[in-house]
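**Q** Quick one, fold the following:
(one chain, ligands or ions: 1)
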Amino acid sequence: MSRIEGNTYYAEPEQPQQCDECGEIEELRPYGNNGACICIECSHIDQEQTNKNIAKFFRKNKIKYVEHMGQRVKLDLTKLIEFIDN
Ligand SMILES: [Zn+2]
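**A** I've put the predicted structure just below:
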């Protein structure tokens, strides 16, 4: 389960849940419009908007670092978006 502690976002695998956009049971992230939880496939429909939502999410939560699988990186939205795509 992903979580925010201080200025760090710990990205972890999520239990599949129903996507707010397409209704499929998938692993979701809160990168839809107005913080909706959406699946990877829906996040690619309008990648530009998704990127804006991701940036908004991190700014709103004052996140400066992302930790994923033991790797801690200083937040760089360009790199973060590449990581989300992989
Ligand atoms: Zn979806």
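**Q** Check which element follows the longest helix along the chain along the chain.
**A** Determined from DSSP state H, the single longest helix within the chain is helix 47-60. Remark: after helix 47-60, the chain's next helix or strand is strand 65-68, criterion DSSP states H and E.
**Q** Quick check: buried residues in that following strand?
**A** residue 66 (16 or more other C-beta atoms under 10 Å). Glycine gets a C-beta too; all of them are placed from N, C-alpha and C.
**Q** Phi first, then psi, for the residue nearest the centre of the chain.
**A** Compute the mean C-alpha point of the chain, and by C-alpha atoms, centre = their mean the closest residue is residue 29, 4.8 Å away. Phi and psi for residue 29, reported as degrees, to the nearest 10, are phi -130, psi 150.
**Q** So for it, what's the pLDDT?
**A** Reported pLDDT at residue 29 in the predicted model: 90.
**Q** for it, what are its contacts?
**A** Contacts of residue 29 were listed using C-beta atoms under 8 Å, 6 or more residues apart in numbering, and they are 2, 14, 37-38, 40, 43, 84.
**Q** picking that back up, which other helices and strands contact the longest helix of the chain?
**A** helix 77-85 (3 or more C-beta pairs under 8 Å, 6 or more residues apart in numbering; DSSP states H and E).
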